[in-house]
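Trainee: dropping a prediction and its sequence here:
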Amino acid sequence: MILLPKPCLFGLLCILLGACQAQTPPTTLSARLRKPAFQAPEKAIQDQLRIPFWKDNQYGLCNYAGKILLEPQFEDIEMPALDLPFLKAKKNGEWSMYDLSGKQILPFSVKMQHELDLALEFRTSAGHDYIYVAKLRDPRPASLPPLPKEPSGEAGNVVVEEAIQPEIAIRYFYFSKTTALPLQSWFAPDYRAYTAFTEKTRYHLSVFSNELYRGFIKVMDGNRRFTLLDARQQPLFEPVFNCAALSATKVLIQNEKGLVALRDLKTGWQTDFLFRNIQSTQNPDLFLGEVKEGDAILNYKIDAKGNISRLESEFTWLPIDERYSRVGVKSGEYSHKFYLLDEKTGKQVRELSTHRIEHIFETGLGIYQDRNLLGIETVAGDTIWNPPYPRITEIGDSLYIFFAGDTTGLATRDNRVLYRLVKGSITNWGDGYFEIEQHQKRGMLRADGHQILPLAFDKILPIRSARRLLVEKDGLWGMFDWETGREILPIEFRHLQPNGFAGRRRSGIEIRIGKDFFILSPDLEVLHQNTQTPVLTKQDFPLRKASAALKTDFEAAEMPRFFTPYTFFKGPNALHLFRCDGRHITSLEGYSELELMYSSNLRSNEEVGSAFDTGVAKLTRKDGQKVWVRLEDAFLYQK
């Protein structure tokens, strides 16, 4: 045995501790990280840009290539939002909104730029057709005329009228890509203002979101009558007591007695005011109306041409697809009964022994009793399919999840079992992937029954845009590939979560280890670093053909923390512009600030958001003058 003196033992202990520390997560992580690869902005976005152009101390607009679109005429300007045909600019000392020909489109202008508070947002309609909408609050004071309150039951049931004060009467202008002129709302769909308005008057009014989605704005005239304006700001019909858009071509109109009619905006036909209610269905050409006669409720069907046909009065017509229009429900004192009805007369054909009806595989009616699936039938009563399991959840037209006792499984339409487990669950993630769970452990399954991740994790967090899976086990996190289950990061990090990094087309991943913080791409490229041991240093960004003065300025510049496709270093006298992969583009002297311009894409992503890099930036000179620059070659939009 060899005995070492105490100093040697201490030294050996330090060596061993150092070796252990070399295997800790920060070192493991650093070995896996990479320089960011350059990802050029989307050309389709750049082709739509309208960029401020400076000439003779005035601003106009040009495209990405530098071609003039609007001759310089403004004292100051903001870069227009993508896909919106207007801009915010300053003329004659005041700010307003202008169209792309230079015509002022707001009936007012303001002294301060921030008074034109423009909010950009996405609105969507059925089918996920995204429409880009801008909302601008009218800064001018406004007050509303007196409005009736509901009868209080006191003082002879007298109706009290009360004026609405200007601070509650908020108005907005709305813009969209199809709007030639801004549409002005009489009352804003702002929750706080709406609440205050309702509390004060007990009179419910608002601009309905579905009308905004379909390009209509609800307005009110001086007689408190409503109509809808189209994109040209033209009224679609004479003002009425109330109205609401049911579809892109159908509107519900209400009279003073509370009865409603259906009007077609395309052809102009309108039903009589017969109905107490009209509702739309999944079939855009089918509407269902209710008429009250004494204590009875009569049901009617209204087709696309305005034809009205009577349905059996004892049944309530279910608002579902025309293919299944022969299904009706009759409410009893304590329960509902379902029936198949004659398509023309609405009379009962036969009773369905069921407690509920669902669409199954988009081809028939699922008939249930006590949560058990009895079978799938056509509306005529013909059996389409009898599954061998009492409970199923259909997945598209080819798969279903079945439940039988304590067994859950995934099977095809022809009843071929792809996967099963006992005392567990299968959850549909969409896109042909499923989360499986058993004994509080989770895994991942593909639609063909292949198990991508084993039942070994406490949590699985999917990142769809990046096709990555974050998994937790015993309080530690790791990352795996969505498609193959390949390990990308080992399960050894206490803080690992998604991060919607601006300027990227896929979600980023953030990792925190002690005081070190990183944002990484799905491929472990460094997008942001805040650490004492950086992965990227100035040596990764060498200057090209620079003078001695610029080299000195660059050495004095601070290292940036974010690495967008275009990255810049701010020195005392110059801005040094690079691509994120380290390629030097140029050094710009005489400028103090650089602001990257981001666009809002037409389709927002729930993980990444809507911000995308445009490849354009706004430069500010030391004297305060602004000029925009094309980053790929440092072309200045000026003359």
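Mentor: Arrived safely. Numbering: from 1, shown residues only.

Trainee: only C-alpha atoms for contact and neighbour calcs from this point on.
Mentor: Noted.

Trainee: wait, isn't residue 599 in contact with residue 613?
Mentor: Yes: with contact taken as C-alpha atoms under 8 Å, residue 599 and residue 613 are classed as touching, separated by 6.5 Å.

Trainee: more neighbours, these two?
Mentor: Neighbour totals were compared for residue 599 and residue 613, and residue 613 leads with 25 against 21 (other C-alpha atoms under 10 Å).

Trainee: secondary structure element for the more buried one?
Mentor: Assigned by DSSP states H and E, residue 613 falls within strand 609-621.

Trainee: repeat for residue 444
Mentor: Residue 444 is part of strand 441-446, with elements assigned from DSSP H and E.

Trainee: same check, this time on residue 551
Mentor: Counting by DSSP H and E, the element that carries residue 551 is helix 548-556.

Trainee: mean confidence score for that helix?
Mentor: For helix 548-556, mean pLDDT is 95.

Trainee: can you pull the buried residues of that helix?
Mentor: Under the neighbour-count criterion of 16 or more other C-alpha atoms under 10 Å, helix 548-556 has 550, 551, 553, 554 buried.

Trainee: which one of those residues is nearest residue 256?
Mentor: Comparing the buried residues of helix 548-556 against residue 256 with C-alpha to C-alpha places residue 554 closest, at 73.9 Å.

Trainee: next SSE after the helix holding residue 551?
Mentor: strand 566-570.

Trainee: tell me the strands beside the helix or strand following that following strand, with direction?
Mentor: Later in the chain than strand 566-570, the nearest helix or strand by DSSP H and E is strand 574-579. Using DSSP bridges, the strands paired with strand 574-579 in its sheet are strand 566-570 (antiparallel), strand 584-589 (antiparallel).

Trainee: most packed of those strands?
Mentor: strand 566-570 (a mean of 23; mean count of other C-alpha atoms under 10 Å).

Trainee: and the contacts of that strand?
Mentor: Defining contact as C-alpha atoms under 8 Å, 6 or more residues apart in numbering, one finds that strand 566-570 is touched by 554, 557-560, 575-580, 592-593, 615, 631.

Trainee: equivalent analysis for stretch 553-564, please.
Mentor: Outside of stretch 553-564, the residues that reach it under the criterion C-alpha under 8 Å, 6+ apart are 36, 503-504, 526-530, 537-538, 567-574, 576, 580.

Trainee: over to stretch 34-48?
Mentor: Outside stretch 34-48, the residues within contact range by C-alpha under 8 Å, 6+ apart are 63-64, 82-83, 524-527, 536, 563, 565, 579-581, 599, 601, 612-615.

Trainee: now, of the residues you listed, which are buried?
Mentor: By 16+ other C-alpha under 10 Å, the contacts of stretch 34-48 give 63-64, 82-83, 524-527, 536, 563, 565, 579-581, 599, 601, 612-615 as buried.

Trainee: what angle separates the helix holding residue 551 from strand 574-579?
Mentor: 70 degrees (axes from the mean of the first three to the mean of the last three C-alpha atoms, to 10 degrees).

Trainee: all numbers from here: first residue = 878
Mentor: Done: numbering now begins at 878, and the last item shifts to helix 1425-1433.

Trainee: just the CA coordinates of helix 1425-1433, formatted as PDB?
Mentor: Output of helix 1425-1433 as PDB, limited to C-alpha atoms (Å, rounded to 0.1, in the frame of the first residue of the first chain):
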ATOM      1  CA  ALA A1425      -7.800  49.900 -38.300                       C
ATOM      2  CA  ALA A1426     -10.400  52.400 -36.800                       C
ATOM      3  CA  LEU A1427     -13.200  49.900 -37.500                       C
ATOM      4  CA  LYS A1428     -11.300  47.100 -35.900                       C
ATOM      5  CA  THR A1429     -10.700  49.200 -32.800                       C
ATOM      6  CA  ASP A1430     -14.400  50.100 -32.800                       C
ATOM      7  CA  PHE A1431     -15.400  46.400 -33.100                       C
ATOM      8  CA  GLU A1432     -13.100  45.400 -30.200                       C
ATOM      9  CA  ALA A1433     -14.900  47.900 -28.000                       C
END
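
Trainee: in JSON lines, list the strands paired with strand 1451-1456 along with distance to residue 1300 and mean pLDDT.
Mentor: Rendered in JSON lines, the data for the strands paired with strand 1451-1456 read as follows (distance: least, C-alpha to C-alpha, whole Å; pLDDT from 0 to 100):
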{"stretch": "strand 1443-1447", "distance to residue 1300": "52", "mean pLDDT": "95"}
{"stretch": "strand 1461-1466", "distance to residue 1300": "60", "mean pLDDT": "95"}
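
Trainee: I'd like those strands written out as CSV, with distance to residue 1306 added.
Mentor: Below are the strands paired with strand 1451-1456 laid out as CSV (distance: least, C-alpha to C-alpha, whole Å):
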stretch, distance to residue 1306
strand 1443-1447, 36
strand 1461-1466, 44
